[in-house]
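K.L.:
Build me a model:
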Amino acid sequence: MYRIMIADDEGIVVDSFTYMIKEEFGEDVVIETAKTGRSVIELAERFRPDIALMDIRMPGINGIDAIREIRKRNPGITFVIISAYDKFGYAQEAMSLGVIDYLHKPVEKRKFIATIRKAMDNVDVDREKRAKELEILEKLETVTPILESGLIYNLLFQEFYQEDIQNFKKLLEIEDNYGFMMALVFGEEKKEEGYLTNAVGTSVRLQDKSRDLREIVKSYFNGVIGPIMANKIAIFIPYSEKEMEYNERIELIDNARNMIRRLNSQMEAVFRVGIGGIHSLDNQRFSYNEALDSLAQSNGSVIHSADLAVGPEYEEDYPVDKENALYEAIKRGEIDTALAAGNQFFDWMITKYNGYTDDIKLKTLEFVLRAESLAYEKGTGVYHFRSRQDYLNIINKTESYDKLRKWFEDKISEACRNVKFRRENRSNGVIDRAKDYIDSNYQNDISLDDVSREIDISPYYFSKVFKEATGENFIDYLTGLRIDKAKELLESTDMSMKEICVEVGYSNPNYFSRIFKKIVGVSPTEYKQ
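P.N.:
Residues are numbered from 1 along each chain as shown. I've put the predicted structure just below:
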């Protein structure tokens with residue numbers, strides 16, 4: 001169905017155009033008409049046509065000005081000018097407004113109908129484009145919560161590679177390197193010792209309203225929303241600075257209060273929210289814990305950790321970010337990152353507390369012991385009770401900061417290597433077992449799921465580590481292996497093409513030939529020759 005608006009002050013012209021359109025397109029069109037510039041603008045507002053046939057000279061506002069005014073509110077209309085005025089200036093201005101054709105009266109029927117079809121085609125293209133945009137938007141509505149849940153999971157549980165976080169940032173269009181967490185909790189109205197009751201029942205009820213809940217939160221905060229976990233939802237708010245000014249914090253709290261009031265009025269639950277401090281992306285779990293601790297210490301509906309002094313406090317310029325960066329790098333086995341953060345902290349100690357040698361030694365020992373503990377937590381090596389028997393002696397006898405720093409760097413590097421070795425050794429073991437299985441079964445119809453089941457890990461994780469280790473995905477590796485085996489058989493045996501095809505795992509000779517030529521550059525027959 002096409003809505004067509006005809007704007008002309010001559011009744012006979014309007015009737016003639018209407019007749020020709022109805023005769024050609026019948027019930028596929030709905031037509032309305034106007035005779036003045038003002039009335040056509042008002043009609044466009046009400047009728048919202050797909051196509052507008054406009055005369056230039058009409059009483060009051062002329063056609064060009066009317067088009068310009070209509071375009072402001074209805075930019076998607078396809079305009080055609082049909083006028084007795086053939087001045088070049090009119091045509092030029094009309095085209096600049098996006099008019100698709102400029103016809104001169106009197107108009108021949110064949111040309112008139114062809115122009116209407118052209119306008120309809122233009123409408124169809126716009127509709128198809130809009131439909132695709134809506135389809136993409138619909139898919140985004142489905143995919144975005146999944147991506148956001150993935151980022152929240154990685155931020156809270158630290159099970160990620162740095163490239164994973166960068167991918168999430170890119171997909172979710174996050175540019176900031178800092179942020180804070182909000183812990184949104186819900187339950188029933190009765191409060192007992194600061195906790196909302198019936199967390200399980202409320203969570204079950206709200207599962208069906210998770211989309212509405214997300215929309216409400218998004219209307220107040222441009223953040224990343226995690227899934228419902230028990231009666232809690234983690235919300236990450238990206239932030240560009242390391243600290244937040246007082247006035248901005250108050251504005252944040254007021255905004256959160258408005259959100260809570262709306263949630264309480266529209267959802268079948270009572271909501272509270274705790275807000276953590278600003279941290280780097282790697283340390284968002286600290287912010288989330290601060291948010292939860294704030295809720296535990298207060299019965300208010302909105303609680304900011306800064307108001308309760310939740311979490312550890314440090315002297316004014318204490319480089320807590322370097323300390324946290326050091327520990328996070330050790331957990332990932334990143335030697336260069338760990339040493340960079342550790343040396344920056346070491347520089348701060350020497351600069352500020354140069355005369356307090358014992359304190360610097362104790363802090364250095366603290367770092368080393370914590371680094372080794374983190375390495376052991378990752379399952380690296382065997383813990384021996386007396387493995388540190390000489391540490392105190394080394395620390396006490398070290399006379400210079402340079403030697404102390406060197407000992408510190410060696411121990412931090414060793415801890416990182418242990419973590420990295422454990423991870424690589426585990427991955428290498430998985431890959432070696434996978435390759436053995438593939439080498440023994442390539443001639444069979446095996447899949448990624450078959451290999452994953454054989455080595456007892458999930459297909460997703462296997463696919464990830466396999467590509468990281470080999471540089472290619474499972475299918476490409478299997479195909480390459482099969483083609484290499486086929487080349488060997490072509491070179492060293494008199495087997496038929498069909499026999500070789502089956503021998504290397506293909507049931508269709510034509511498909512085998514296409515794959516072979518795609519990879520090798522020539523067909524199997526040409527290769528043998």
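K.L.:
Let me see the mean pLDDT of the longest strand along the chain.
P.N.:
Using DSSP state E to define each element, the chain has its longest strand at strand 178-192. Strand 178-192 comes out with an average pLDDT of 84.
K.L.:
Sheet-wise, list the partners of it with their directions.
P.N.:
With DSSP bridges as the test, strand 178-192 is paired with strand 195-197 (antiparallel), strand 232-239 (antiparallel), strand 270-275 (antiparallel), strand 279-280 (antiparallel).
K.L.:
Compare those and report which one is nearest to Tyr153.
P.N.:
Closest to Tyr153 of the strands paired with strand 178-192 is strand 232-239 (C-beta to C-beta; 9.1 Å). From N, CA and C alone the C-beta is placed, and that goes for glycine too.
K.L.:
Under the pLDDT cut-off, which ranges of the protein? List them.
P.N.:
Counting by pLDDT under 70, the chain has low-confidence residues at 86-92, 94, 136-141, 158-163, 190-195, 309-312, 378-381, 422-428.
K.L.:
just checking, next helix/strand downstream of the longest helix belonging to it?
P.N.:
Scanning the chain for the helix with the most residues, using DSSP state H, yields helix 109-157. Per DSSP states H and E, helix 109-157 leads on to helix 162-171 as the next helix or strand towards the C-terminus.
K.L.:
in that following helix, what's buried?
P.N.:
165, 168-169 (16 or more other C-beta atoms under 10 Å).
K.L.:
cool, stretch 451-464 as well?
P.N.:
451-452, 454, 457, 462-463.
K.L.:
tell me how far the ends of it are from each other?
P.N.:
Length of stretch 451-464, first residue to last, C-alpha to C-alpha, to the nearest Å: 13 Å.
K.L.:
Three-state assignment for Ile225, please.
P.N.:
strand (DSSP: H, G, I helix; E, B strand; the rest coil).
K.L.:
got a list of what it touches?
P.N.:
145, 148, 152, 214, 217-218, 233, 235 (C-beta atoms under 8 Å, 6 or more residues apart in numbering).
K.L.:
Only the buried members of those: can you turn that into a PyMOL selection?
P.N.:
Listed next is the PyMOL selection for buried residues among the contacts of Ile225, using 16+ other C-beta under 10 Å:
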select buried, resi 145+148+152+214+217+233+235
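K.L.:
mind putting the contacts of Ile225 in CSV, distance to Gly11 included?
P.N.:
CSV is the format used below for the contacts of Ile225 (distance: C-beta to C-beta, whole Å):
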residue, distance to Gly11
Pro145, 57
Glu148, 60
Ile152, 66
Arg214, 55
Val217, 57
Lys218, 53
Ile233, 64
Ile235, 63
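K.L.:
quick revisit: by how many degrees do the longest strand of the chain and helix 109-157 diverge?
P.N.:
Interaxial angle, strand 178-192 versus helix 109-157 (axes from the mean of the first three to the mean of the last three C-alpha atoms, to 10 degrees): 70 degrees.
K.L.:
so when I look at Tyr102, I'm seeing a helix, right?
P.N.:
No: assigned with three-state DSSP, Tyr102 falls outside any helix and is strand.
K.L.:
Quick check: bridge partners of it?
P.N.:
The partner residues for Tyr102, given DSSP bridges, come to Ile81.
K.L.:
repeat for Val302
P.N.:
Val273.
K.L.:
Confirm for me that it is in contact with Ile275.
P.N.:
Yes: if you go by C-beta atoms under 8 Å, Val302 and Ile275 touch, sitting 7.3 Å apart.
K.L.:
what's the overlap in contacts for those two?
P.N.:
Contacts common to Val302 and Ile275, judged by C-beta under 8 Å, 6+ apart, are 253, 256.
K.L.:
out of the strands paired with strand 178-192, nearest to Phe385?
P.N.:
Per C-beta to C-beta, nearest to Phe385 of those: strand 279-280, 35.2 Å.
K.L.:
can you confirm Gln443 is in a strand?
P.N.:
No: counting by three-state DSSP, one finds Gln443 to be coil, located in no strand.
K.L.:
just to revisit the earlier point, what's the most buried one of the strands paired with strand 178-192?
P.N.:
strand 270-275 (a mean of 25; mean count of other C-beta atoms under 10 Å).
K.L.:
which residues sit against that one?
P.N.:
Against strand 270-275 from outside (C-beta under 8 Å, 6+ apart): 180-189, 196, 252-253, 256, 259-260, 263-264, 290-295, 300-305.
K.L.:
same question, stretch 431-446
P.N.:
In contact with stretch 431-446 (C-beta under 8 Å, 6+ apart) are residues 450-451, 454-455, 462, 465-466, 469-470, 477-478, 481-482, 485, 502-505, 507.
K.L.:
from those, which would you call buried?
P.N.:
451, 454, 462, 465-466, 469, 477-478, 481-482, 485, 503-505.
K.L.:
I'd like the residues you listed laid out as JSON lines, including distance to Glu399 and secondary structure.
P.N.:
Compiled in JSON lines, those are given as follows (distance: C-beta to C-beta, whole Å; DSSP: H, G, I helix; E, B strand; the rest coil):
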{"residue": "Val451", "distance to Glu399": "57", "secondary structure": "helix"}
{"residue": "Glu454", "distance to Glu399": "58", "secondary structure": "helix"}
{"residue": "Phe462", "distance to Glu399": "52", "secondary structure": "helix"}
{"residue": "Val465", "distance to Glu399": "46", "secondary structure": "helix"}
{"residue": "Phe466", "distance to Glu399": "51", "secondary structure": "helix"}
{"residue": "Ala469", "distance to Glu399": "46", "secondary structure": "helix"}
{"residue": "Tyr477", "distance to Glu399": "56", "secondary structure": "helix"}
{"residue": "Leu478", "distance to Glu399": "61", "secondary structure": "helix"}
{"residue": "Leu481", "distance to Glu399": "60", "secondary structure": "helix"}
{"residue": "Arg482", "distance to Glu399": "65", "secondary structure": "helix"}
{"residue": "Lys485", "distance to Glu399": "65", "secondary structure": "helix"}
{"residue": "Glu503", "distance to Glu399": "72", "secondary structure": "helix"}
{"residue": "Val504", "distance to Glu399": "68", "secondary structure": "coil"}
{"residue": "Gly505", "distance to Glu399": "68", "secondary structure": "coil"}
